[in-house]
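J.: pasted the sequence and its predicted model underneath.
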Amino acid sequence: MKAILFILGFVLTAISCRADVWEDREGFVDPAKVRAAAMIKPHPRQLAWQQLELTCFFHFGINTFTNKEWGDGTEDPKLFNPTELDCRQWVKTIKEAGFKLAILTAKHHDGFCLWPSKYTDYDVAASSYKNGQGDVVKEFVDACRAEGIKIGIYLSPWDRHEQTYGTDAYNDYFNNQINEIFDLYGPDIDEFWFDGANGEGPNGKKQVYDWNRFYKTIRERNDNCVIAVSGPDVRWVGNESGLARESEWSVVPATAMDQDDISAAFEEGGFHYDDISPEEMADLGITPYEYDDMGDRVAISAAEEAIWYPAECDTSIRPGWFYHKSQNGLVKSLSKLMDIYYKSVGRNSVLLLNIPPDQRGLLHDRDVKRLTDFGNTIRDVFGNNKAAGAVRTDSEVTGEDYQMTIELDLGSEEWINRLSIGENIANGQRVEKFALEVWTGWKWKEVVRSTTIGYKRLLKFPLQKAQKVRINIVQSRYIPEISSIGLYYSSLY
Ligand code: FUL
């Protein structure tokens with residue numbers, strides 16, 4: 001009994017010691033800079049990307065046939081030989097689960113190209129697949145177009161095969177390949193994904209990338225194409241667990257775009273940690289990025305310049321990025337995927353979920369089943385918005401913190417325990433602190449409080465029965481523009 005009381009006491013103390021989510025970080029605040037940050041808007045290509053919410057990766061290549069995660073570029077291209085390749089199966093599966101864009105690893109760090117490239121002979125043309133007559137990128141692009149899924153290409157800057165790697169000539173090589181992708185499959189490539197891993201090439205040299213040249217090429221070929229991670233449009237969230245921060249700002253100091261820092265973060269090990277939250281990483285002292293709030297008032301005040309640079313949360317449905325038979329039993333559970341959904345899409349980020357095709361060139365049954373369940377669960381939980389026909393009354397905006405309330409009359413008493421709320425981010429991201437309250441019949445009762453909103457915030461709260469609810473905007477950088485509010489009931493997720 002004593003032991004139980006002791007444990008209970010410990011747990012209660014731990015809970016009561018947890019910092020309030022509204023607690024501000026100590027430090028210098030410049031109100032003019034904070035206000036200016038609220039005026040920063042996304043580029044239309046960034047806005048369109050954010051609205052996708054669910055995007056996916058297909059890691060497929062020579063590693064699929066060697067059972068490796070990182071090939072070293074010496075693998076025999078003949079090993080690449082999917083027996084039942086069907087990109088339409090991949091794309092249909094993800095489409096049915098609600099995903100809107102897919103990214104194929106056209107070239108991973110091993111340098112092996114999934115399309116017949118005129119700039120190298122280390123590609124599908126040298127493989128056994130269709131006796132060298134195949135083109136996986138074409139099959140992928142055709143499948144995406146047929147299913148109405150947007151197209152993304154992962155082209156690894158780090159190349160462990162190409163002999164020119166580490167010299168200026170490699171920048172030509174890489175730039176040529178970007179152009180070649182557009183020539184053969186564009187112009188409607190919607191995303192280029194450049195990771196930050198930058199190791200040594202076959203000659204032991206490291207590459208100094210001509211990033212600006214690559215970006216310019218992409219902009220010239222398709223100005224709507226988003227350039228992610230080692231790129232100016234989309235920011236890597238900083239871990240490979242699919243989890244955003246509690247407060248995830250799309251406006252951050254411009255230094256977040258520094259390519260050397262991004263590479264260093266990858267090398268420091270940001271990508272080694274699966275199933276670990278940013279908060280846990282910070283506790284462990286692993287801070288390749290600042291895992292705490294990157295865009296709070298203190299961060300913005302210290303920055304010379306702030307930019308719109310929204311977060312993308314990448315993770316794999318399995319422990320590895322590539323398919324390994326031994327991981328068939330390790331496909332992430334539905335509850336894990338739903339937790340990731342709440343902490344990525346539900347925290348102002350886009351989820352980039354990897355599903356690796358197997359050696360047949362098909363998504364494995366277990367992954368298909370899990371994805372299908374994932375899509376159905378999202379539809380179940382968020383399909384019935386109890387606030388859809390609500391009467392909404394917005395108060396005046398008052399004070400330096402732009403406080404206001406938004407009252408919703410649902411028309412009848414409803415059971416609710418999930419909130420979805422969004423800002424009109426076309427005009428910027430502004431809200432810093434807000435709460436959800438329900439009318440008990442004689443007073444307003446707070447049921448959950450949170451920090452940033454951005455494009456979308458999803459929150460769970462204890463089950464309530466209410467007809468009137470109220471969003472209380474407690475602190476905002478400028479006039480709040482709340483464009484969507486949803487209230488739902490979920491029994492499990
Ligand atoms: C990292 C790579 O090293 C991994 O293999 C994987 O492609 C991941 C998405 O990005 O940088």
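T.: Arrived safely. Everything numeric in this text was worked out from a predicted model, so none of it was measured. Numbering: from 1, shown residues only.
J.: residue 341 contacts residue 351, correct?
T.: Yes. At 6.6 Å, residue 341 and residue 351 qualify as touching, with contact defined as C-beta atoms under 8 Å. All C-beta atoms are positioned from the backbone trio N, CA, C, and that covers glycine.
J.: where does pLDDT dip in the stretch 1-150 of the chain?
T.: 1-19 (pLDDT under 70).
J.: okay, helices next: where are they in it?
T.: Ranges of helices in the stretch 1-150 of the chain, per DSSP state H, counting those that start in this stretch, are 2-17, 31-37, 44-50, 62-66, 87-96, 136-147.
J.: not counting sequence-adjacent ones, nearest residue to residue 318?
T.: Spatial nearest neighbour of residue 318, chain neighbours left out: residue 327 (4.6 Å); criterion: C-beta to C-beta, 6 or more residues apart in numbering.
J.: what about the closest residue to residue 332 other than its chain neighbours, how many residues nearby?
T.: Once flanking residues are discounted, residue 332 sits nearest to residue 317: 5.3 Å by C-beta to C-beta, 6+ apart. By other C-beta atoms under 10 Å, the residues close to residue 317 number 25.
J.: for residue 317, what are its contacts?
T.: 331, 332, 337, 353, 354, 355, 356, 367, 370, 371 (C-beta atoms under 8 Å, 6 or more residues apart in numbering).
J.: checking my notes, residue 154 in a strand, right?
T.: Yes. Counting by DSSP: H, G, I helix; E, B strand; the rest coil, residue 154 is found in a strand.
J.: isn't it up against residue 55?
T.: No. Residue 154 lies out of contact with residue 55 (C-beta under 8 Å); the separation is 11.7 Å.
J.: got phi/psi on whatever residue of the stretch 101-250 of the chain ends up closest to the ligand?
T.: Across the stretch 101-250 of the chain, the shortest distance to the ligand (C-beta to the nearest ligand atom) belongs to residue 195, at 3.4 Å. Phi and psi for residue 195, reported as degrees, to the nearest 10, are phi -80, psi 170.
J.: can you pull the pLDDT of the nearest residue to it once chain neighbours are set aside?
T.: Spatial nearest neighbour of residue 195, chain neighbours left out: residue 229 (5.8 Å); criterion: C-beta to C-beta, 6+ apart. If you check residue 229, the pLDDT there is 94.
J.: quick one: distance of the helix or strand that contains residue 475 to the chain centre.
T.: Using DSSP states H and E, residue 475 falls within strand 457-476. The chain centre lies 25 Å from the centre of strand 457-476; the measure is C-alpha atoms, centre = their mean, to the nearest Å.
J.: which SSE is immediately downstream of it?
T.: Counting by DSSP H and E, the next helix or strand C-terminal to strand 457-476 is strand 482-488.
J.: within its sheet, name the partner strands of that next one and how each one runs.
T.: Sheet pairing for strand 482-488, assigned by DSSP bridges, gives strand 404-423 (antiparallel).
J.: report the buried residues of the strand it pairs with.
T.: For strand 404-423, burial by neighbour count (16 or more other C-beta atoms under 10 Å) applies to 404-408, 410, 414, 416-423.
J.: still on that earlier bit, and the strand holding residue 475, what does it pack onto?
T.: Applying 3 or more C-beta pairs under 8 Å, 6 or more residues apart in numbering; DSSP states H and E, we find strand 457-476 packed against helix 334-343, strand 404-423, strand 431-439, strand 444-450, strand 482-488.
J.: how many other residues sit next to the residue of the stretch 301-450 of the chain found nearest the ligand?
T.: In the stretch 301-450 of the chain, the residue that lies nearest the ligand is residue 321 (4.4 Å; C-beta to the nearest ligand atom). Applying other C-beta under 10 Å, we find 21 residues neighbouring residue 321.
J.: report pLDDT for it.
T.: Taking residue 321 on its own, its pLDDT is 96.
J.: render the CA-only coordinates of stretch 231-251 in PDB, please.
T.: The C-alpha trace of stretch 231-251 is given here as PDB (Å, rounded to 0.1, in the frame of the first residue of the first chain):
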ATOM      1  CA  GLY A 231      15.700  23.700 -50.100                       C
ATOM      2  CA  PRO A 232      14.000  27.000 -49.600                       C
ATOM      3  CA  ASP A 233      10.300  26.100 -49.500                       C
ATOM      4  CA  VAL A 234       9.800  23.400 -46.900                       C
ATOM      5  CA  ARG A 235      11.700  22.800 -43.600                       C
ATOM      6  CA  TRP A 236      12.700  19.400 -42.200                       C
ATOM      7  CA  VAL A 237      11.100  19.200 -38.800                       C
ATOM      8  CA  GLY A 238      14.300  17.900 -37.300                       C
ATOM      9  CA  ASN A 239      13.600  14.200 -36.500                       C
ATOM     10  CA  GLU A 240      12.500  11.200 -38.500                       C
ATOM     11  CA  SER A 241       9.800  10.100 -36.100                       C
ATOM     12  CA  GLY A 242       7.000  12.100 -37.900                       C
ATOM     13  CA  LEU A 243       6.500  14.500 -34.900                       C
ATOM     14  CA  ALA A 244       6.300  18.200 -34.800                       C
ATOM     15  CA  ARG A 245       6.900  20.400 -31.800                       C
ATOM     16  CA  GLU A 246       4.100  21.400 -29.400                       C
ATOM     17  CA  SER A 247       4.400  24.900 -30.900                       C
ATOM     18  CA  GLU A 248       5.300  24.700 -34.600                       C
ATOM     19  CA  TRP A 249       5.700  28.000 -36.300                       C
ATOM     20  CA  SER A 250       5.800  28.400 -40.100                       C
ATOM     21  CA  VAL A 251       7.600  31.700 -39.600                       C
END
